[in-house]
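>>> let's see this in three dimensions:
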Amino acid sequence: MPRPPRRRGRTALLIAVAAVLGVVAGTCTGFVVQANRAPDKLPSLSQPTLTQAKGPAPQPLSAAQDHRVKTDGDLRKLLLKKPSGATETLIPLGVDGWLDLAGYAETYTEPDQALGYQNREEFRRAAVTDWMEGSREVDVYLVQYRQEDRLGAVDAMKDAFYYADMEPDTDSWTVPGTADGKAYVHHADDDGYTAEAHAYRGDVYMEIWVYDSKPITKAKIMDLAERQMGRL
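Predicted structure coming up:
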């Protein structure tokens, strides 16, 4: 079954790209202005003496306390395992379980704008898995952000909520075990049935998409979401 277009709105992506272009334009203007100015005298390289802290250094977090022990490793190992009897999708996602920035942008309705948006949100990497069970396709993404200046994982989840909530004839539920995660079931349209789930943990954003020509139950999407978040 062909994968339907991603249910993402264009407005937020347009705003994000406009913001990126605005920053670039402002930077270029700054360079032009600076180039026409006389050079300033450089400050002294001497620095005041810093007082060294006393006492023992804090102990590092244990593996159980530090979630980065998991998420800084092979992110693919945290993905749900394909169920027994599942088959390959018509167009498999990624290469060897990884999806680069360009590939991830292609999953949006406006890839060029999505590319700028994900750059702004400090995209780091994405691990993916997908499979077919009869007429049902399941796509699972774990998208990790650097989160140096922005909370990319939180922003991505909220962006998904915004557009999912705009869909007509939709039911939604909170995903147990998450602070803000939600799952949605969209009733049939010309493309069939769709369900989705979104949540985050630390710097990793989870999204799950299910497509089928038959109705998708709340139990199905909730089970996938709970199990995937449990692996994080």
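
>>> show me the helices in the protein, by range?
With DSSP state H, the ranges of helices along the chain come out as 11-35, 68-71, 101-105, 111-120, 152-166, 218-231.

>>> please name the residues that touch residue 136.
Each residue near residue 136 by CB atoms under 8 Å, 6 or more residues apart in numbering is listed here: 210, 211, 212, 214, 216. No exception for glycine: its C-beta is placed from N, CA and C like everyone else's.

>>> now these in a markdown table, with pLDDT?
Shown next, in a markdown table, are the contacts of residue 136 (pLDDT from 0 to 100):
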| residue | pLDDT |
| --- | --- |
| 210 | 95 |
| 211 | 94 |
| 212 | 94 |
| 214 | 92 |
| 216 | 95 |
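
>>> just these: which are in strands?
210, 211, 212 (DSSP state E).

>>> so the last one makes contact with residue 193?
What it means is residue 212. Yes - contact criterion CB atoms under 8 Å: residue 212 and residue 193 qualify, at 4.9 Å.

>>> the contacts of residue 136, buried ones only, as a ChimeraX selection?
In ChimeraX, this line selects whichever of the contacts of residue 136 come out buried by 16 or more other CB atoms under 10 Å:
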select :210,211,212,216
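
>>> could you dump the contacts of residue 136 into a markdown table and include distance to residue 84?
Below are the contacts of residue 136 laid out as a markdown table (distance: CB to CB, whole Å):
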| residue | distance to residue 84 |
| --- | --- |
| 210 | 18 |
| 211 | 21 |
| 212 | 19 |
| 214 | 20 |
| 216 | 20 |
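
>>> so which of the contacts of residue 136 comes closest to residue 225?
Using CB to CB, residue 210 comes nearest to residue 225 of these, at 10.1 Å.

>>> contacting residues for that closest one?
Neighbours of residue 210 in contact, by CB under 8 Å, 6+ apart: 136, 137, 138, 139, 194, 195, 196, 216, 220, 221, 224.

>>> so what's residue 165 closest to, chain neighbours aside?
In space, and not counting its chain neighbours, residue 165 is closest to residue 172: 7.3 Å by CB to CB, 6 or more residues apart in numbering.

>>> bridged to the one you found, which residues?
residue 184 (DSSP bridges).
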